[in-house]
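*Asks:* Sequence isn't available, so here's the structure alone:
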């Protein structure tokens with residue numbers, strides 16, 4: 001997976017299209033990422049005991065990696081991720097400006 005925690009991403013598909021956010025968590029097995037403040041839904045929870053109140057909780061759900069695009073910190077454009085090998089180390093590179101991400 002080419003995205004890591006802390007990357008700034010742009011949402012390309014869905015109800016939050018055009019919004020930017022940072023990646024909070026990555027799920028490589030499912031090809032999904034959790035983005036802060038994006039893809040939020042409300043969940044109604046019923047009280048389990050007499051003392052507890054029923055409430056509405058806001059839940060953030062993960063997004064598919066195909067629905068987000070990395071925003072390069074240098075050129076501030078939506079881009080794809082490339083790789084370059086320097087001194088036997090693999091580095092992520094912006095495809096538009098060529099700078100290291």
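*Replies:* Cool, got the structure. None of the values given here were measured: they were computed from a predicted structure.

*Asks:* going forward, measure contacts between C-alpha atoms and count neighbours the same way
*Replies:* OK.

*Asks:* same question for the longest strand belonging to the chain, mean pLDDT?
*Replies:* Longest strand in the chain, counting residues (DSSP state E): strand 20-27. In this model, strand 20-27 has a mean pLDDT of 97.

*Asks:* Which positions in it come out as buried?
*Replies:* 20-26 (16 or more other C-alpha atoms under 10 Å).

*Asks:* mind putting those residues in a markdown table, distance to residue 63 included?
*Replies:* Putting the buried residues of strand 20-27 into a markdown table (distance: C-alpha to C-alpha, whole Å) gives the following:
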| residue | distance to residue 63 |
| --- | --- |
| 20 | 13 |
| 21 | 12 |
| 22 | 12 |
| 23 | 10 |
| 24 | 11 |
| 25 | 11 |
| 26 | 10 |
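
*Asks:* Look up how far residue 48 lies from the residue lying closest to residue 1 once chain neighbours are set aside.
*Replies:* In space, and not counting its chain neighbours, residue 1 is closest to residue 28: 6.3 Å by C-alpha to C-alpha, 6 or more residues apart in numbering. For residue 28, the distance to residue 48 equals 35 Å [C-alpha to C-alpha, to the nearest Å].

*Asks:* and if you look at residue 39?
*Replies:* For residue 39, the distance to residue 48 equals 27 Å [C-alpha to C-alpha].

*Asks:* If you count surrounding residues, which of the two has more?
*Replies:* residue 39 (16 against 9; other C-alpha atoms under 10 Å).
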